[in-house]
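Chemist: Whatever this is, show me its structure:
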Amino acid sequence: MPLEPSQYCKVMCLTQDRLAAGPTEQAERLCSSGARWIQLRMKGAPHEAWLRTARAVVAVCRAHGAVCIVNDSLEVALESGADGVHLGRDDGDWEEARRRAGRRLLIGGTVNDSSDARRAVAADCLDYAGVGPLRHTATKAKLAPVLGFSGVRELIRELGGIPAWVIGGVQSEDAPGLLAAGAAGIAVSSALYRNGRVEDNILAFLAACASVTHSPFPAGAPPITRFGQS
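Modeler: Coordinates of the predicted model:
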């Protein structure tokens, strides 16, 4: 089932650990307020707990017509019925993931520098790239060097048309400039949960992205599709 990027995909919402509300409740609050792309992060969780939560988050996303991506684990993504998987530098080979998943899953990869961008282009199997960090963020324990707007713009250019979602300390006011620089969208975590005002925060990000009228996808980029459904 094709997704319309202008309605669904500009803001990728990442769940967070160690909040009073668990990932399923986070996903429900976000989706109920208009989010249509959830990435489940459960760093270091036991497989069974991770899978159980992933299935619950997938169910929330299905109920709202949203996309669900599992961070780090191809196995959990496949077993839970998620729409895709996001793989960082240490989370598995992108090409092997594509061989195993076929076209069942969206596959995203982390791009922190020019070497990563070249690898993404050579792999020729990613549906999107997570480019960053834009600025310092406390969300990741091992943060790659901060790129700033100029660095992000250069990596988007080097990706040669692979749609890029910019991550790392992104604020709602950054969205217009990042989309104008060629980003397909933004990926947000901590700013969504600030002061417990999840609904207000996601609405601010959605509004900021909606204010940009150009297509979020580079010319010639493939549309994002919900795999595994007809």
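
Chemist: Hmm, Thr15 is touching Leu40, no?
Modeler: Yes: if you go by CB atoms under 8 Å, Thr15 and Leu40 touch, sitting 5.4 Å apart. The C-beta positions use only the backbone N, C-alpha and C, and glycine is treated the same way.

Chemist: Compare those two (neighbour count), which wins?
Modeler: Applying other CB atoms under 10 Å to Thr15 and Leu40 shows that Leu40 carries more neighbours, namely 30 against 24.

Chemist: Is that one bridged to anything, and to what?
Modeler: Val70 (DSSP bridges).

Chemist: what residues are up against it?
Modeler: Taking CB atoms under 8 Å, 6 or more residues apart in numbering, we find Leu40 in contact with 15, 23, 27, 53-54, 57, 68-71, 82.

Chemist: Glu199: which of those residues is nearest?
Modeler: For these, the closest approach to Glu199 (CB to CB) belongs to Ala27, at 13.1 Å.

Chemist: where in the protein is pLDDT low?
Modeler: For the chain, residues meeting the criterion pLDDT under 70 lie at 1-8, 138-143, 213-230.

Chemist: what sits against Val60?
Modeler: Neighbours of Val60 in contact, by CB under 8 Å, 6+ apart: 24, 27-28, 31, 38, 66, 68.

Chemist: which one of those sits closest to Val170?
Modeler: The closest of the contacts of Val60, once distances to Val170 are taken by CB to CB, is Ile38, at 16.2 Å.

Chemist: Confirm that closest one sits in a strand?
Modeler: Yes: counting by DSSP: H, G, I helix; E, B strand; the rest coil, Ile38 is part of a strand.
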